[in-house]
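[1] return atomic coordinates for the entry below.
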Amino acid sequence: MKAVHNIEPVFDNNSRILILGSFPSVKSRETEFFYGHPQNRFWRVTAAVCGCGVPGTVEEKKRMLLGNHIALWDVIESCDIEGSSDSSIRNVRINDFTRIFKTADIRRVFANGSAAYELYRRHVGNSITRLPSTSPANAAWSTRRLIDAWRVILE
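    As a prediction, this is how the structure comes out:
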């Protein structure tokens with residue numbers, strides 16, 4: 001099924017860190033904001049790394065990210081995808097990151113998982129660090145282990 005990204009990136013001129021996912025899940029596309037599936041651990045992990053409570057609303061999530069100089073978006077603008085499965089992604093069109101890089105002094109780029117990492121490296125080519133995915137499909141990583149690995153974003 002052809003799917004188009006429907007969520008605007010979160011960033012401002014103070015953003016220094018860019019975190020990229022691959023493509024929004026079905027639930028995220030429905031809620032029109034990143035990591036909308038309640039079992040995805042992104043918000044718990046990021047909040048723990050930032051030393052704050054887990055945000056509940058979209059506005060709280062944006063405030064947490066921007067308050068910690070974090071920009072958030074996805075690598076893919078549109079693709080063919082079955083459900084939310086990264087392994088089913090085909091016919092990829094990559095997002096244009098120009099507006100983020102022109103507005104913010106991004107110093108480090110991180111990928112939330114292998115798919116985002118590989119796609120960014122292949123199509124954009126800039127330096128990127130791969131982090132373990134916060135997806136519930138990544139059951140080999142506990143939330144505690146993810147938090148420890150993700151601490152690198154604020155180093």
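[2] which positions within the worst-scoring helix or strand of the chain on mean pLDDT qualify as buried?
    The weakest-scoring helix or strand in the chain, judged by mean pLDDT, DSSP states H and E, is strand 2-4 (a mean of 85). Neighbour counts using 16 or more other Cβ atoms under 10 Å place Ala3 of strand 2-4 among the buried residues. Placement of C-beta: from N, CA and C, glycine included.
[3] could you do stretch 49-65 as well?
    In stretch 49-65, counting by 16+ other Cβ under 10 Å, buried: Val49, Cys50, Pro55, Lys61, Lys62, Met64, Leu65.
[4] in what helix or strand does the last one lie?
    Counting by DSSP states H and E, the element that carries Leu65 is helix 58-67.
[5] now do that helix, average pLDDT.
    Helix 58-67 comes out with an average pLDDT of 98.
[6] chain center to the helix or strand following it: distance?
    On the C-terminal side of helix 58-67, the closest following helix or strand by DSSP H and E is strand 70-74. Relative to its parent chain, strand 70-74 has a centroid offset of 6 Å by Cα atoms, centre = their mean, to the nearest Å.
[7] residues contacting strand 70-74, please?
    5, 7, 9-12, 15-24, 34, 46, 50, 65, 95, 97, 100, 104, 106, 116, 153 (Cβ atoms under 8 Å, 6 or more residues apart in numbering).
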